[in-house]
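A.B. asks: I'll drop the sequence and a predicted model, then ask my questions.
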Amino acid sequence: MEKTTTRKRIWGWFFFDWASQPYNTLLITFIFAPYVKDLIGDGAKAQAAWGFGIAAAGVIIAVLAPVLGAMSDTSGNRLRWIWLFSVMYVVGSFGLWWAAPDNFNLTWTLTLFAIGMIGMEFATIFTNSMLPDLGSKEEIGRISGNGWAFGYVGGLIALVIMLTLFAEDAKSGKTLIGLDPMFGLDAEQREGTRFVGPLTAIWYAVFMIPFVLWVRDPRPTKPRKGAVGKALTNVWGTVRNLPKTPSLFAYLGSSMFYRDALNGMYTFGGIYAAGVLNWSVVDVGIFGILAIISGAIFAWLGGKADTQFGPKPVIKTCILMLCGVAIATIFVSRESVLGIAVEPQSKLPDYAFYVLGIVIGAAGGVIQSASRTMMVRQAIPERTAESFGLYALAGKATSFIAPFLIGIMTTVSGSQQIGVTPLIALFLLGLILLRWVDPEGDHAKWGHASSSS
């Protein structure tokens, strides 16, 4: 009976990745971002606006993430926090339906997008903090990798549904397989593409049902007075003592940079391809299918590599791959590929970008899964939600800076290619700091660090 319960709990936990992945796949990268570019018209202006909007959401996430995590640890019951932020996810994503071509309000659209994104990120903090309870240290790498792969499959299916049944080409008004958008949606008003918002919200609500039914928080609910003050005290104590735990300190710094660079790739990949290569929403969607298939396969393989070699060498290899992709991306355009001039009608730039997408998907899936298991090894015992809150802070502390820098670089240069150059520096900084990370963490020092907090 215990094994069955544990298995169900793990599968319920997997379903959060399945349910939430479309926000990243459909909204941030492959469908909604290119649609925003279509509405704005100019690729550089769209990339700059997207960068500033993501940056604003990132500031809120960075400020609140560790405090919310600490409040969860202090007051108990991580599940109620997940329900709260799930509501934000659903409301924010569903609201994107109203981003109509004849009534497009960029500020309101980015506000709704930010609400959904904040909900997703905060809900993820608390589901990630459950990972240590799902298995032993030897098992969590495989569990994390399988969960990430399962989420990629969910994102892939959602993307295929959008491309084949709803998202219309701006010129032909047809979906990828030549159909009119389903349910009589008006192609001229881009209702098929705009349906990505409601689909993302409905998908999440439906596929969170296994999570609701099977996941139970093993920590007893223990409401306490003064939870906010206690949480702030705990966070300040942990941050103050980070220099005494050099491995955790180095890992938070390293992951802050390389995860921000990866998020930048995901955030701007679709809008970059739409502007630089003149891809349609459908073209970007095909790119997404290839990247997601690659991500699912390699997240699963990466989980096995994580179990075999540990997360640190897996992360290092992925950073090197992604840094190479970031450099190569700058040299792919309609005029040339890696410095080689091509004809205006050449398909080589498209094929090159498809290959880069496959590599991004592969390395991105693996590094995110391995990073999650590395954080489990570095986390403070009895403060896992707080630790993952700090992890989220590390992932967002520069994530509002990276989109902001991309927005500035794109605005100043007028070039989307030059605009994404900050990603290269972020990957390299992450790689440098990783050398000071102990694969087993600072567990021997926790007693001292905790007592002084």
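C.D. replies: Structure received. Numbers count the residues shown, from 1 in each chain.

A.B. asks: dump the residue contacts of the nearest residue to K312 once chain neighbours are set aside.
C.D. replies: With CB to CB, 6 or more residues apart in numbering as the criterion, K312 has its nearest non-adjacent residue at 4.6 Å, and that residue is P439. Every C-beta, even on glycine, is put in place using the N, C-alpha and C of the backbone. By CB atoms under 8 Å, 6 or more residues apart in numbering, the contact list for P439 reads G310, P311, K312, M374, R377.

A.B. asks: what's the answer for M321, then?
C.D. replies: For M321, the set of contacting residues under the criterion of CB under 8 Å, 6+ apart consists of V359, A362, A363.

A.B. asks: Next step: those restricted to helices.
C.D. replies: In helices, defined here by DSSP state H, the members of the contacts of M321 are V359, A362, A363.

A.B. asks: Please tell me which one of these counts the most neighbours.
C.D. replies: Ranked by neighbour count (other CB atoms under 10 Å), the ones in helices among the contacts of M321 have A363 at the top, with 27 neighbours.

A.B. asks: following the longest helix along the chain, which helix or strand comes up?
C.D. replies: Residue-count comparison of every helix in the chain, with assignments taken from DSSP H, identifies helix 43-75 as the longest. Next along the chain after helix 43-75, taking DSSP states H and E as the criterion, comes helix 78-94.

A.B. asks: So which bits of the following helix or strand past that next one are buried?
C.D. replies: Along the chain past helix 78-94, the next helix or strand (assigned with DSSP H and E) turns out to be helix 106-128. Of all the residues in helix 106-128, those buried under the rule 16 or more other CB atoms under 10 Å are 109-110, 112-128.

A.B. asks: Low-confidence stretches in the stretch 201-350 of the chain?
C.D. replies: Using pLDDT under 70 as the threshold, the predicted model of the stretch 201-350 of the chain has low-confidence ranges 218-238, 241.

A.B. asks: tell me the helices in it, going along the chain?
C.D. replies: Secondary structure of the stretch 201-350 of the chain (DSSP state H, counting those that start in this stretch): helices at 209-214, 227-240, 246-276, 281-309, 311-330, 348-378.

A.B. asks: Which among those helices is found nearest to D42?
C.D. replies: Between D42 and those, the tightest spacing by CB to CB is seen for helix 246-276, at 7.8 Å.

A.B. asks: how big is the angle separating the closest one from helix 311-330?
C.D. replies: Calculated by axes from the mean of the first three to the mean of the last three CA atoms, to 10 degrees, helix 246-276 forms an angle of 30 degrees with helix 311-330.

A.B. asks: Distance from helix 246-276 to the middle of the chain?
C.D. replies: When distances are taken as CA atoms, centre = their mean, to the nearest Å, helix 246-276 is centred 9 Å away from the chain's centroid.

A.B. asks: ditto for stretch 37-54
C.D. replies: Stretch 37-54 has its average C-alpha position 19 Å from the chain's average C-alpha position, going by CA atoms, centre = their mean.

A.B. asks: Then stretch 114-122?
C.D. replies: Mean C-alpha position of stretch 114-122 versus that of the full chain (CA atoms, centre = their mean) differs by 11 Å.

A.B. asks: so D102 touches Q189, yeah?
C.D. replies: Yes. Counting by CB atoms under 8 Å, D102 sits close enough to Q189 to count as a contact (7.2 Å).

A.B. asks: Looking at D73 now. What's its pLDDT?
C.D. replies: Per-residue pLDDT puts D73 at 63.

A.B. asks: brain fart, I358
C.D. replies: pLDDT for I358: 91.

A.B. asks: who are the neighbours in contact with the spatially closest residue to it that is not a sequence neighbour?
C.D. replies: Beyond its immediate neighbours in the sequence, the residue positioned closest to I358 (CB to CB, 6+ apart) is S294, lying 4.5 Å away. Contact criterion CB under 8 Å, 6+ apart gives G357, I358, V359, G361, A362, G365 as the residues in contact with S294.

A.B. asks: mind putting those residues in TSV, distance to F404 included?
C.D. replies: As requested, the contacts of S294 are arranged in TSV below (distance: CB to CB, whole Å):
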residue	distance to F404
G357	25
I358	29
V359	26
G361	26
A362	28
G365	26
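
A.B. asks: Which of those lies at the shortest distance from G141?
C.D. replies: Of all the contacts of S294, G365 has the smallest distance to G141: 13.7 Å, by CB to CB.

A.B. asks: burial count for the spatially closest residue to K171 that is not a sequence neighbour?
C.D. replies: Across the structure, with CB to CB, 6+ apart as the measure, the residue nearest K171 apart from its sequence neighbours is S280 (7.5 Å). Burial measure for S280: 20 neighbouring residues, criterion other CB under 10 Å.

A.B. asks: correct me, but S280 touches S172?
C.D. replies: No. At 9.2 Å, S280 does not count as touching S172 under the criterion of CB under 8 Å.

A.B. asks: Could you give the number of residues near R240?
C.D. replies: By other CB under 10 Å, the residues close to R240 number 12.

A.B. asks: Pull up the gap between it and R372, please.
C.D. replies: To R372, R240 is 25 Å away according to CB to CB, to the nearest Å.

A.B. asks: Can you pull the phi and psi angles for the residue at the greatest distance from the centre of the chain?
C.D. replies: Relative to the mean C-alpha coordinate of the chain, counting by CA atoms, centre = their mean, the farthest residue is E343 (35.6 Å). Backbone torsions for E343, taken as degrees, to the nearest 10, come to phi -70, psi 150.

A.B. asks: can you tell me which residues contact it?
C.D. replies: Taking CB under 8 Å, 6+ apart as the criterion, E343 is in contact with no other residue.

A.B. asks: Mind doing that once more with 10 Å?
C.D. replies: In this structure, E343 makes contact with R334, E335, judged by CB atoms under 10 Å, 6 or more residues apart in numbering.

A.B. asks: cool, A48 as well?
C.D. replies: Residues in contact with A48 (CB under 10 Å, 6+ apart) are 40, 42, 403-404, 406-412, 414, 416, 419.

A.B. asks: Could you rerun that using 6 Å?
C.D. replies: By CB atoms under 6 Å, 6 or more residues apart in numbering, the contact set of A48 is G407, T410, T411.

A.B. asks: residues touching the residue nearest to it when sequence neighbours are not counted, list them.
C.D. replies: For A48, ignoring the flanking residues on the chain, the nearest one in space by CB to CB, 6+ apart is G407 at 4.3 Å. The neighbourhood of G407, defined by CB under 6 Å, 6+ apart, consists of A48, G51, F52.
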